[in-house]
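Engineer: based on what follows, work out the 3D shape:
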Amino acid sequence: MAERFYPRTVEEVFDDFKGRRAGLIKALTTDVEEFYQQCDPESENLCLYGHPHGEWEVILPAEEVPPELPEPALGINFARDGMQEKDWLSLIAVHSDTWLLAIAFYFGARFGFDKAKRKVLFDMINELPTVYEIVSGASKKQQKEKSSVSNSSSKSKSNSKSVSHIAILFLLVSLHISRSKNIFLLIICEQGYNIDIFSVLKLVDNHQI
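Structural biologist: Numbers count the residues shown, from 1 in each chain. The predicted model follows:
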């Protein structure tokens, strides 16, 4: 019997995490109809497993006690017909996220990850949307909101820059006519323009404007 491979480095554990996560997401999204059928409430306690190669499987839990690896939520099939399908899938997604973290940090503990390595692993995992965020649609909503805020900020900066340039020209003309530094400073402060006041005043003192 071939020896089972266990990830031993941060990168290997993260790859294992991503593979299992991909399998779980596949079960709860693209393969959801097949997954639903396999979770027969009349069957025994069933678990949803995600495998490192990106596939999923609904089977009975491991017989050995204690199990070699942390086990996913037990009996996911029993609640299938007693809940709204969306709520049922979301509940399984939450438990799946918990299981993924348990697996990842089990390997971290087993192979002696120190504080720095555990933090690196967590940060890498935390960059990915959770299974729940994918299944519930929260990740798409967050991306849409982030994109909207980014576009709004860019437009605001662009408009602000254009207005500032126009304002500078207008104010410089006014200054040239009045030669009043006080009025110029007052107008700038009131309007909140991002202008290098001292550079402009230096030019005024040198009679360059």
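Engineer: the residue lying closest to residue 135 once chain neighbours are set aside: neighbouring residues, count only.
Structural biologist: Leaving aside its chain neighbours, residue 135 sits nearest to residue 93 (4.1 Å; criterion: Cβ to Cβ, 6 or more residues apart in numbering). Where you see a C-beta, it was placed from the backbone N, CA and C, and this is true even at glycine. Neighbourhood size, residue 93 [other Cβ atoms under 10 Å]: 23.
Engineer: next helix or strand past the helix or strand encompassing residue 93?
Structural biologist: Residue 93 is part of helix 85-110, with elements assigned from DSSP states H and E. Downstream of helix 85-110, the next assigned helix or strand under DSSP H and E is helix 115-126.
Engineer: so what touches that following helix?
Structural biologist: With contacts defined as Cβ atoms under 8 Å, 6 or more residues apart in numbering, helix 115-126 is touched by 10, 13-14, 17, 101, 104-105, 108, 113.
Engineer: got the angle for it vs helix 85-110?
Structural biologist: 160 degrees (axes from the mean of the first three to the mean of the last three Cα atoms, to 10 degrees).
Engineer: tell me what the helix or strand that helix 115-126 is followed by is packed against?
Structural biologist: Sequence order places helix 131-136 as the next helix or strand after helix 115-126, per DSSP H and E. Secondary-structure packing of helix 131-136 (3 or more Cβ pairs under 8 Å, 6 or more residues apart in numbering; DSSP states H and E): helix 10-28, helix 85-110, helix 138-178.
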